[in-house]
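Colleague: pasting the sequence and the predicted model now:
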Amino acid sequence: MVRAGVSYLIEEERGEEIYRVFREVLRDGYRGLCITRINPQQLERDFGFRDVRYIWLSDTKVEGYLSIKDLIRLSVEVDRFLREVDRGVILLDGFEYLCAQYSFETTLRFLHLLRERISTGRHILLLSLSPEALDRRQLMRVRRELQPLETCLSGFEGF
């Protein structure tokens, strides 16, 4: 069951299930922010998301989409989204990439701040992570920050 104010972890090899869960939350009236390593044009084509903001974790610029690699700028854009929408869902599919670009510790601090922001409002965080991408200790630290989400979405509970 997905609830507002909670940050969830979906452990999966390839970020696929998370997009299905994201779609279900969007159908319940949430506004979406998709932070991803996948080209946003491909996501729109494959999933048909409407009224979703995208942040592509890339140096490549694509007209109509925001491309960001800098964690500070990413934090600013996430804060802007959370202030502008009453009920928002953030999909983060790129945690491993951020760890590789910065460090695990820096990226975990970003996750701490994001989780805190989510917990104080009517928002949801969905984070996709391949368990093999991190060492055992790092994976345990991420798991402590987030609620596990079973890949079969049995229901949704908003505020």
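Modeller: Cool, the structure landed.
Colleague: average pLDDT for the helix or strand hosting Leu92, rounded please.
Modeller: Here Leu92 sits within strand 88-93, counting by DSSP states H and E. The average pLDDT for strand 88-93 rounds to 96.
Colleague: which helix or strand lies directly C-terminal to it?
Modeller: The helix or strand immediately downstream of strand 88-93 is helix 95-101, counting by DSSP H and E.
Colleague: need the residues that contact the next helix-or-strand element following that next one.
Modeller: Using DSSP H and E, the helix or strand that follows helix 95-101 towards the C-terminus is helix 104-119. With contacts defined as Cβ atoms under 8 Å, 6 or more residues apart in numbering, helix 104-119 is touched by 5-7, 71, 74-75, 78-79, 82, 90, 92, 95, 98-99, 123-125, 127, 134, 138, 141-142, 145-146. The C-beta positions use only the backbone N, C-alpha and C, and glycine is treated the same way.
Colleague: any of those buried? List them.
Modeller: For the contacts of helix 104-119, a burial check counting by 16 or more other Cβ atoms under 10 Å picks out 6-7, 74, 78, 82, 90, 92, 95, 98-99, 123-125, 127, 134, 142, 145-146.
Colleague: just those: which are in strands?
Modeller: Using DSSP state E, the members of the buried ones among the contacts of helix 104-119 that fall within strands are Val6, Ser7, Ile90, Leu92, Ile124, Leu125, Leu127.
Colleague: wait, the first one sits on Ile124?
Modeller: Yes - with the criterion set as Cβ atoms under 8 Å, Val6 and Ile124 qualify as a contacting pair; they are 6.4 Å apart.
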